[in-house]
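Trainee: Let me see the structure of the following:
(one chain, ligands or ions: 1)
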Amino acid sequence: MFEYAPAPESRSIVDIKPSYGLFVNGSFAEPTDGSTFKTISPASEEVLAEVAEAGPSDVDRAVSAARDAFDRWAALPGATRAKYIYRLARIIQERSRELAVLESLDNGKPIRESRDVDVPLAAAHFFYYAGWADKLEHAGLGPSPRPIGVAAQVIPWNFPLLMLAWKIAPALAGGNTVVLKPAETTPLTALVFAEICQQADLPPGVVNIITGAGATGARLVEHPGVDKVAFTGSTEVGRQIARAVAGTRKRVTLELGGKAANIVFDDAPIDQAVEGIVNGIFFNQGHVCCAGSRLLVQESVYDGVLAALKRRMAQLRVGDPLDKNTDIGAINSAAQLERIRTLSEIGSSEGAERWSPPCSLPDRGFWFAPTIFTGVTQAHRIAREEIFGPVLSVLTFRTPAEAVEKANNTPYGLSAGVWTEKGSRILAIADQLRAGVVWANTFNKFDPSSPFGGYKESGYGREGGRHGLEAYIG
Ligand code: NDP
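Mentor: Okay, the predicted model is just below:
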């Protein structure tokens with residue numbers, strides 16, 4: 001391994017306030033019941049800021065503000081709404097360095113990823129949907145598309161700003177107003193986005209951001225003033241939300257968990273496949289719903305793939321998220337670290353063989369070394385459950401039919417990967433995979449114009465592209 005001198009990004013570009021209120025009706029306000037919580041840096045456990053916890057009357061106020069703003073926002077010409085959304089996109093670009101540093105501090109992800117993936121993609125989503133705002137009648141959604149109303153949006157901690165963009169951009173383009181709740185462990189970039197809404201002169205009440213824990217999210221989605229619910233997170237909470245809104249007029253989209261198969265055939269270019277395997281599972285510490293967490297390797301190339309994968313893993317740098325050399329940052333929370341540890345211990349106790357490259361982890365904060373399990377069978381819990389961490393389960397197959405059967409043998413159906421030199425095989429296999437996205441000879445590639453979403457327990461509805469607008473048009 002080469003020795004690299006530290007290359008830390010300066011955090012002085014971010015001015016984190018000691019405390020943040022709720023963003024309701026265009027301004028920040030204290031919560032009415034006065035409670036707060038702290039958000040920490042998972043890499044150091046240092047407290048970054050104190051954040052308001054929205055209680056029931058705060059949720060009421062936020063939903064009322066969105067309701068009051070709705071008629072005026074929906075009545076604006078599409079081109080005027082587009083102007084505001086373009087402004088949001090431009091300001092995200094202008095403040096991109098600040099947003100990237102803040103995202104890495106609050107989430108623990110490497111600065112290389114927040115700088116090169118999360119923030120540029122968030123801006124790209126706003127640009128993309130700004131383009132649709134005055135062309136809705138050409139989107140194939142009927143001759144006079146109408147907004148749905150007030151959208152309640154609850155997002156997770158793995159891509160805080162990007163998930164905000166996935167939710168808010170199409171909602172605004174369609175003429176809806178929103179109340180968004182970021183995850184408890186990663187509220188800060190959403191609060192800076194609230195400042196960006198002020199900077200863009202977005203009419204008050206069009207975007208409201210309320211922070212809090214699961215109870216705040218539950219109150220928001222159950223609120224009778226809400227017309228549409230959009231959720232990304234665990235399948236378990238997705239089920240609770242589906243139950244809570246069943247029988248109401250609310251429209252719902254759910255983007256939930258995954259256990260993607262990344263399938264490597266014997267004719268695949270091995271070095272490229274290994275890069276794709278590493279990107280598939282170690283990108284964002286494996287906190288990715290579409291992570292390639294099950295590697296299926298054709299038996300005849302298993303030894304070569306595994307040796308190359310181990311060599312590559314030994315090059316991964318784990319450590320300070322703000323260091324530009326870092327490949328794997330901190331695990332987002334103590335609770336998530338515990339979950340990864342528990343499932344990994346279950347993997348060993350069920351008989352799979354565990355391997356990690358030698359790597360020293362920092363003393364403070366939440367860390368987990370990149371890990372692979374071999375000798376995994378379909379029956380193992382680590383092959384069935386979403387670990388949501390840098391842990392890969394390796395299985396083998398002999399024939400394409402066996403690969404497809406194993407890949408589909410999961411309650412999830414969000415994504416999959418196929419590595420082969422044969423174009424015909426790519427098409428044939430992709431056709432048989434029950435997954436919303438299938439990547440061929442690449443993995444974890446996203447674009448605002450491309451729809452994303454799952455089958456089975458991975459949820460329903462699509463985000464991104466023209467399909468993503470459909471969820472916000474009545
Ligand atoms: P959750 O599904 O609990 O969190 C997602 C969001 O929902 C958060 O904003 C959360 O708030 C909120 N929330 C929690 N409970 C409710 C509720 N009853 N009604 C409405 N909103 C609610 O994920 P966790 O953070 O608990 O992670 C647990 C596991 O879920 C992970 O280990 C991983 O396996 C999976 N996961 C999958 C994701 C995906 O994209 N597929 C994303 C995140 C997690 P708060 O953060 O304050 O609790």
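
Trainee: isn't there a helix covering G417?
Mentor: No. Assessed with DSSP: H, G, I helix; E, B strand; the rest coil, G417 is strand; it does not lie in a helix.

Trainee: That one contacts A268, correct?
Mentor: No. Applying C-beta atoms under 8 Å as the test, G417 and A268 come out as separate, 10.4 Å apart. Where you see a C-beta, it was placed from the backbone N, CA and C, and this is true even at glycine.

Trainee: between the two, who's got more neighbours?
Mentor: Taking neighbours as other C-beta atoms under 10 Å, G417 and A268 compare with G417 leading, 30 against 22.

Trainee: for that one, what are its contacts?
Mentor: A260, A261, N262, I263, G276, G280, G292, V438, W439, A440, T442, F443 (C-beta atoms under 8 Å, 6 or more residues apart in numbering).

Trainee: Which one of these sits in the busiest neighbourhood?
Mentor: Neighbour max across those (other C-beta under 10 Å) = A260, 32 neighbours.

Trainee: Which phi and psi values does it adopt?
Mentor: Phi and psi for A260, reported as degrees, to the nearest 10, are phi -70, psi 140.

Trainee: ok, now which ones touch it?
Mentor: With the criterion set at C-beta under 8 Å, 6+ apart, A260 makes contact with G280, C290, A291, G292, S293, R294, Y412, L414, S415, A416, G417, A435.

Trainee: Run a quick neighbour tally on the spatially closest residue to P362 that is not a sequence neighbour.
Mentor: Leaving out its chain neighbours, the residue that sits closest to P362 by C-beta to C-beta, 6 or more residues apart in numbering is G319, at 6.2 Å. By the criterion of other C-beta under 10 Å, G319 has 21 neighbours.

Trainee: picking up where we left off before, from the contacts of G417, which land in helices?
Mentor: In this view, these that belong to helices under DSSP state H are G276, G280.

Trainee: Now, the contacts of G417 that are in strands?
Mentor: A261, N262, I263, V438, W439, A440 (DSSP state E).

Trainee: Reformat those residues as a markdown table; add distance to R341 and pLDDT.
Mentor: Below are those laid out as a markdown table (distance: C-beta to C-beta, whole Å; pLDDT from 0 to 100):
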| residue | distance to R341 | pLDDT |
| --- | --- | --- |
| A261 | 24 | 98 |
| N262 | 23 | 98 |
| I263 | 28 | 98 |
| V438 | 31 | 98 |
| W439 | 29 | 98 |
| A440 | 34 | 98 |
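
Trainee: and those as JSON lines, adding distance to the ligand?
Mentor: Listed next are these as JSON lines, based on distance: C-beta to the nearest ligand atom, whole Å:
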{"residue": "A261", "distance to the ligand": "16"}
{"residue": "N262", "distance to the ligand": "17"}
{"residue": "I263", "distance to the ligand": "21"}
{"residue": "V438", "distance to the ligand": "18"}
{"residue": "W439", "distance to the ligand": "17"}
{"residue": "A440", "distance to the ligand": "22"}
